[in-house]
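Asks: What follows is a predicted protein model with its sequence.
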2 protein chains.
Amino acid sequence: MTVPPPFTPLVQSLPSTVPFVGPETQERRMGCSFRARIGANESVFGPSPAAIAAMREAAADVWKYCDPENHDLNVALARHHGVAPENITVGEGADALLGNLVRMVVSEGTPVVTSLGAYPTFNYHISGFGGLFEYVPYKDDREDPEALIARAKETGAPLIYFANPDNPMGSWSDAAAVQQMMDAVPEGAILCLDEAYIEFAPEGTAPPLDVTNRQVIRFRTFSKAYGMAGARVGYGIAHADIAGAFNKVRNHFGVNRIAQAGALAALADQDYLAKVQEWVREARVRIAEIAEASGLKALPSATNFVAVDCGHDGAFAKAMVEELAVRGIFVRMPFAPPQNRCIRISAGKPDDLDALAAVLPEALRAAADRS
Amino acid sequence: MTVPPPFTPLVQSLPSTVPFVGPETQERRMGCSFRARIGANESVFGPSPAAIAAMREAAADVWKYCDPENHDLNVALARHHGVAPENITVGEGADALLGNLVRMVVSEGTPVVTSLGAYPTFNYHISGFGGLFEYVPYKDDREDPEALIARAKETGAPLIYFANPDNPMGSWSDAAAVQQMMDAVPEGAILCLDEAYIEFAPEGTAPPLDVTNRQVIRFRTFSKAYGMAGARVGYGIAHADIAGAFNKVRNHFGVNRIAQAGALAALADQDYLAKVQEWVREARVRIAEIAEASGLKALPSATNFVAVDCGHDGAFAKAMVEELAVRGIFVRMPFAPPQNRCIRISAGKPDDLDALAAVLPEALRAAADRS
């Protein structure tokens, strides 16, 4: 009985990690709830009322498995984006889709190119399948498309991750730069273009969809602008050869049936989406004002969060995150230097940002006292 | 651009399959809805009203990611089963947990023991990670625990799948036989004991939980007796070394937040579960009566479905499934001979079974005419 479990050597080597500690975990440790939950880039504005109604309506039918083809949502998304249903793969959140993509391309020792400090859950999947990281540094707080492509060429990496707009910095490249990147993907490689935040970006940020290109897959989500992070619905847009390949590995019945109904209704309510976009624009302005009132610099953002430069190192920003937490404000921060001089504040409702404004100066003094 | 996508050789070799075709797909093909959806072993009785209420309540909060620790549900399940929270791993359905278990143990060429004709989604995962099947035949329409263990010993397979009660036959082994099997698992191997239907089985079917045993993991689900198939909540019960290892590979934010709330409420309503158990017992009796009225033999069942022996071969049973489908009745059938002489009918409400009774004789004649 002392023989270890028969896990593969790769799995034995993996740490038991959570890519992100949830705010609920922090609340349990603190013994109280956050006053403002503006740390996970969730949409505090919530989903469309039509989506909430659809989910409530669907609750009694939850005894049925979901449609494993996600047919209705798939067709609606195809129509919305002007592509064919075969170009869409729906999954239980973009996280699951990223995991499936990595599984399809990466085995032990496969080099993968990403930016140092980019989305940790992508990295979690890379580690989980034994890939090797080829990290490219941010350049002026932005992911560097040219350097990412150059690194892929150097290393022969078959997979390149690029988020536009970027998380955690909120920065972005314009459509021309992204198109140039897509055109330069080395033969035999795939660009994973994560557009989770694209609905918050200025017009002209997303290049046109081109599903004839077999070297790019673009990921979108209902977790951000559509306000349904807890529902777990994301999708990929790609050539049918790429989108269709997910059928080989995906969890076919994996999308929650209530979430399918909610996503369908959310997609149909583009008026509500426009309101969220406006509320987020207002919140970004307000966050910048609050930061600047304390002498901190808010970085430009094309997302539903703002990276705020605290003007010191990662230890100082970490102290800021902690001092805000004990004052009831949940925010997060980038992982890698030099981006980790910032804290990352998600768009909040006026009440959330009032709460932030009320404690930020005090948190700043407390962080300064610690350093 | 004609270079193929950089998928691993394993992934290239996989077919694009769906382990099960959903009833929605069939409905789209037929152009009409089933009158009785009694084919996927869903619980037509639905979840507890308390669970529906909890899910409706949670819908507006779906903008928040789930608690990635599934803390509240984990603690409630641990209390319910008299184990520690560390012995429970919650996932987005037992299907996802099975996939994670397979991923942790199986790499290309790993032998895996299962019964010929047992759960196809487990097999889907085995194929997906390159495992090799060591199939053991059913014995008298039951999975054969002794033969499964013997095959594992012969082949050195590190993973053994055994469902008790069994799907698709509804048969079962008693606790003593299962305990004997657990005690005989070869050193270095894990028994995956799928107890998805255990709540429908007679008292004395499940051996006591023993989370000191590092060679067994038992899977349970909210999809069957709790009536929440579309929610995607399952869990494993195991030694903390096994349950904890899922943290290395699982999709931490993968469980739908509404589903978490629903499962918690469903678990708390054991009175409703008792009602479902009674309704299922009644439905099994009724299905047997309907079958016998047409001269077909219903097999004993410890699940929420009944395998009905159609007395001929797989082609005849397939014709029965099709003839029932065109008459508005959704049922399924086992995949492998000789079990595929049966059709598998899930417990229905009286209306569902009335609809079945009304068309079964006609479907039987039509199937006979085809053969």
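Replies: Okay, I see it.
Asks: right, and A:Val3 touches B:Pro186 too?
Replies: No - using Cβ atoms under 8 Å, A:Val3 is not in contact with B:Pro186, being 9.7 Å away. (C-beta placed from N, C-alpha, C; glycine too.)
Asks: domain parsing for chain A?
Replies: Following automatic domain parsing, one finds the domains of chain A at A:9-46+A:271-370, A:49-269.
Asks: Could you say which of those is packed most deeply?
Replies: domain A:49-269 (a mean of 21; mean count of other Cβ atoms under 10 Å in any protein chain shown).
Asks: end to end, how far does it reach?
Replies: One end of domain A:49-269 sits 9 Å from the other (Cα to Cα, to the nearest Å).
Asks: ok, now stretch A:213-222?
Replies: 24 Å.
Asks: Give me the neighbour count for the closest residue to chain B within the stretch 1-150 of chain A.
Replies: Nearest residue of the stretch 1-150 of chain A to chain B, counting by Cβ to the nearest Cβ: A:Pro6, 3.5 Å away. Neighbours of A:Pro6 under the rule other Cβ atoms under 10 Å in any protein chain shown: 20.
Asks: May I have the beta-bridge partners of the closest residue to A:Ala238 other than its chain neighbours?
Replies: Excluding the flanking residues, the one nearest A:Ala238 by Cβ to Cβ, 6 or more residues apart in numbering or on different chains is A:Ile217, at 4.0 Å. A:Ile217 has these beta-bridge partners by DSSP bridges: A:Cys192, A:Ala238.
Asks: My guess is A:Ile217 contacts A:Cys192. True?
Replies: Yes - assessed by Cβ under 8 Å, A:Ile217 is found in contact with A:Cys192 at 5.9 Å.
Asks: who touches both of these two?
Replies: Here A:Ile217 and A:Cys192 have A:Leu101 as joint contacts, going by Cβ atoms under 8 Å, 6 or more residues apart in numbering or on different chains.
Asks: Can you name the residues that contact A:Pro23?
Replies: A:Pro23 is in contact with A:Phe34, A:Arg37, A:Gly39, A:Ala40, A:Phe330, counting by Cβ under 8 Å, 6+ apart.
Asks: how distant is the longest helix anywhere in chain A from the center of its chain?
Replies: In chain A, taking DSSP state H as the definition, the longest helix is helix A:270-293. With Cα atoms, centre = their mean, to the nearest Å as the basis, helix A:270-293 stands 18 Å off its chain's centre.
Asks: which residues are in contact with it?
Replies: Helix A:270-293 is contacted from outside by A:43, A:45, A:48-50, A:199-200, A:225-227, A:266, A:297-298, A:301, A:304, A:306, A:308, A:345, A:347-350, A:353, A:356-357, A:360-361, using Cβ under 8 Å, 6+ apart.
Asks: Within reach of chain B, which of those are there?
Replies: Applying Cβ under 8 Å from any Cβ of the partner chain, the subset of those adjacent to chain B comprises A:Ser43, A:Phe45, A:Gly227.
Asks: what about the last one, distance to A:Ala259?
Replies: Same thing as A:Gly227. Distance, A:Gly227 to A:Ala259, by Cβ to Cβ, to the nearest Å: 12 Å.
Asks: And the second one, by the same measure?
Replies: Relative to A:Ala259, A:Phe45 is positioned 18 Å away (criterion: Cβ to Cβ).
Asks: Could you do the first one as well?
Replies: As defined by Cβ to Cβ, A:Ser43 lies at a distance of 15 Å from A:Ala259.
Asks: check which helix or strand covers whichever residue of the stretch 101-250 of chain A sits closest to chain B.
Replies: Closest residue of the stretch 101-250 of chain A to chain B, Cβ to the nearest Cβ: A:Gly230 (3.0 Å). Remark: A:Gly230 resides in no helix or strand, with elements defined by DSSP states H and E.
Asks: can you list the domains of chain A in JSON lines and add mean pLDDT?
Replies: Compiled in JSON lines, the domains of chain A are given as follows (pLDDT from 0 to 100):
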{"stretch": "domain A:9-46+A:271-370", "mean pLDDT": "96"}
{"stretch": "domain A:49-269", "mean pLDDT": "98"}
